[in-house]
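In: Just a sequence and a predicted model for now, questions to come.
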Amino acid sequence: MERSYLMTMILLIIHQIDAAYWQEWEMFLIPGGIQGFLVFNIVIIPIVLFGYKSVIVNDNRACKYSYFCAALGIFTFIAHLFFILLNYSQFTLPLSILIIVLCLISGVYQIKQTLTFSKAV
């Protein structure tokens, strides 16, 4: 579970760097523009990082954090698929697309790993 969490977390952080380039706040109609986008990241990134610590030390919240991180990876793919279907031109570079697809794959794998881990405990 630790490695799958790490992979999903890394992909999500890389995606957020890419999202700043593509001005993702415009796609999601985030109030405050870049400032709202930064507030979102100020909240979400520490939660994901604290979650990783929880997974590493295997405390009682590890699985909850893992499911949350995995859900973010899956949501990233679903949201961007929706935008692609609406003909948005953002995130159309090959690496942008690859990162989004890998968020889905990693998130699904992380859920599988978390389920396996939670049954073993």
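Out: Alright, I've got the coordinates. Nothing here was measured: the structure is a model prediction, and the numbers come from that model. Numbers count the residues shown, from 1 in each chain.
In: on contacts alone, who are the packing partners of the longest helix along the chain?
Out: Counting residues, the longest helix in the chain under DSSP state H turns out to be helix 94-120. Helices and strands touching helix 94-120, by 3 or more C-beta pairs under 8 Å, 6 or more residues apart in numbering; DSSP states H and E, are helix 2-22, helix 62-85. No exception for glycine: its C-beta is placed from N, CA and C like everyone else's.
In: list the buried ones in that helix?
Out: Under the neighbour-count criterion of 16 or more other C-beta atoms under 10 Å, helix 94-120 has 96, 99-100, 102-104, 106-111, 113-114, 117 buried.
In: and the least confident of those residues?
Out: By pLDDT, residue 117 ranks lowest within the buried residues of helix 94-120, coming in at 92.
In: hang on, isn't that one packed against residue 1?
Out: Yes - taking contacts as C-beta atoms under 8 Å, residue 117 lies within contact range of residue 1: 4.4 Å.
In: Mutual contacts of these two, please.
Out: Jointly contacting residue 117 and residue 1 under the rule C-beta atoms under 8 Å, 6 or more residues apart in numbering are 62-63, 66.
In: still on that earlier bit, got the angle between the longest helix of the chain and helix 62-85?
Out: Relative orientation of helix 94-120 versus helix 62-85 (axes from the mean of the first three to the mean of the last three C-alpha atoms, to 10 degrees): 150 degrees.
In: how distant is helix 94-120 from the center of its chain?
Out: Its chain's C-alpha centre lies 9 Å from the corresponding centre of helix 94-120 when counted by C-alpha atoms, centre = their mean, to the nearest Å.
In: what's the answer for stretch 27-38, then?
Out: Worked out by C-alpha atoms, centre = their mean, stretch 27-38 lies 17 Å from the chain centre.
In: Which of the residues in that stretch are classified as buried?
Out: For stretch 27-38, using 16+ other C-beta under 10 Å, the buried residues are 27, 30, 37.
In: now swap in stretch 40-58 and tell me
Out: 40, 48, 51-52, 54-55.
In: sorry, back to before: need the buried residues of stretch 27-38 in a markdown table (columns: pLDDT).
Out: Shown next, in a markdown table, are those (pLDDT from 0 to 100):
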| residue | pLDDT |
| --- | --- |
| 27 | 94 |
| 30 | 94 |
| 37 | 97 |
